[in-house]
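Undergrad: What follows is a predicted protein model with its sequence.
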Amino acid sequence: QVQLEESGGGTVQAGGSLRLSCLASGRTFKIYAMGWFRQAPGKEREFVAAINWSGGSTTYADSVKGRFTVSRDNARNTVYLQMNTLKPEDTAVYYCAADRQPLRGGCFQETDCGSWGQGTQVTVSS
């Protein structure tokens, strides 16, 4: 089982940027696809972005496409979410997650994901 810890959340004005990091430990990080999800107050958790095990393939929700970039550094056991041109509707708790199975394309749905971080709060003020 992999342990995940997010960092980098905070409060930013609309139009600003943040970079979230997710540090993994406990198993062979580099063979597992990763995902980012978010949950806004009163809403269900939703998919944001995913990256395959090698970093060669990424997928984004339509709501963040063109503004967010997911990447990974397997040497550092870390996955990142660069968030640019932030909007108030991006306000949420952001979670990283690891795929249940190795060598797949991504952790796109909650049921695909086997491990979760504790979440980091992102607040975008208007």
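TA: Sure thing, it's come through. Predicted, not measured: the structure shown is a model, and the values here were computed from it.

Undergrad: what's the helix or strand for the residue nearest in space to the middle of the chain?
TA: Centroid-nearest residue in the chain, with Cα atoms, centre = their mean: residue 36, separated by 2.4 Å. For residue 36, the element it lies in under DSSP states H and E is strand 32-39.

Undergrad: same thing with residue 80?
TA: Taking DSSP H and E as the criterion, residue 80 maps to strand 78-83.

Undergrad: would you put the C-alpha positions of that strand in CSV?
TA: Written as CSV, here are the backbone C-alpha positions of strand 78-83 (Å, rounded to 0.1, in the frame of the first residue of the first chain):
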residue,chain,number,x,y,z
THR,A,78,6.3,12.9,-6.4
VAL,A,79,3.4,13.9,-8.6
TYR,A,80,2.5,17.6,-9.2
LEU,A,81,-0.5,19.6,-10.2
GLN,A,82,0.3,23.0,-11.6
MET,A,83,-2.8,25.2,-11.5
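
Undergrad: Sheet partners, orientation included, of the very next helix or strand once past that strand?
TA: Later in the chain than strand 78-83, the nearest helix or strand by DSSP H and E is strand 92-102. Pairing partners of strand 92-102, with direction, according to DSSP bridges: strand 32-39 (antiparallel), strand 113-116 (antiparallel), strand 120-125 (antiparallel).

Undergrad: picking up where we left off before, need the mean per-residue confidence for the next helix or strand after the strand holding residue 36.
TA: Per DSSP H and E, strand 32-39 leads on to strand 46-51 as the next helix or strand towards the C-terminus. On average, the pLDDT along strand 46-51 is 97.
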